[in-house]
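Participant: dropping the sequence and predicted coords here.
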Amino acid sequence: MKKYLIILLLVTSGVLAFGGNNFAFLKSTLSPAMPASEVAREVKKATVEIVDRGELRKYPDLEFKEGETALGLTRLVVEVETKGEGEQAFVTAISGKLADSVKKEFWSFLVNGKMAETGAGSYKVQNGDTITWKISTF
């Protein structure tokens, strides 16, 4: 009986020693110290809303990278037609719905419920923003 206890103790200590060493190795391999640049790179999310004749289409929790514009984020989920490009882009249609210039319509965009103070190609989306597009008149 004493022989079995000794064998059991040896096996248990071997498993603990081997397992402990492997755990330490795996921990250092799978979760190394994160570089400062990675720590700052958190997942950023925003929402895009399209309002058309009272109907709301909502695209929540869209992940984006630092520097993404409202126009770029919108293009991730719907087709957008513009006149001009980049900071000079003027949205003329969303999902095939054209703003009628004869009726003095245009696609306006709001950031967190307020009219944007810059163009959609210029506005840099912030974490948690809601970008809303709707037909307005001038």
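Facilitator: Thanks, I have the structure now. Numbers count the residues shown, from 1 in each chain.

Participant: got phi/psi on the most centrally placed residue in the chain?
Facilitator: What sits nearest the mean C-alpha location of the chain, by CA atoms, centre = their mean, is residue 63, with 1.1 Å. Dihedral pair for residue 63: phi -80, psi 140, per degrees, to the nearest 10.

Participant: bridging residues for it?
Facilitator: Partner residues in beta bridges with residue 63, using DSSP bridges, are residue 45.

Participant: could you do residue 111 as well?
Facilitator: residue 114, residue 131.

Participant: list the contacts of it.
Facilitator: If a contact means CB atoms under 8 Å, 6 or more residues apart in numbering, then residue 111 has 70, 123, 129-132 as its contacts. Backbone N, C-alpha and C define where each C-beta goes, glycine included.

Participant: same check, this time on residue 109
Facilitator: The neighbours of residue 109, taking CB under 8 Å, 6+ apart as the test, are 70, 91, 116, 120, 123, 131-134.

Participant: now the residues you listed in JSON lines, with secondary structure and distance to residue 79?
Facilitator: Written out in JSON lines, the entries for the contacts of residue 109 read as follows (DSSP: H, G, I helix; E, B strand; the rest coil; distance: CB to CB, whole Å):
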{"residue": "70", "secondary structure": "helix", "distance to residue 79": "16"}
{"residue": "91", "secondary structure": "strand", "distance to residue 79": "11"}
{"residue": "116", "secondary structure": "coil", "distance to residue 79": "20"}
{"residue": "120", "secondary structure": "coil", "distance to residue 79": "14"}
{"residue": "123", "secondary structure": "coil", "distance to residue 79": "20"}
{"residue": "131", "secondary structure": "strand", "distance to residue 79": "16"}
{"residue": "132", "secondary structure": "strand", "distance to residue 79": "17"}
{"residue": "133", "secondary structure": "strand", "distance to residue 79": "12"}
{"residue": "134", "secondary structure": "strand", "distance to residue 79": "17"}
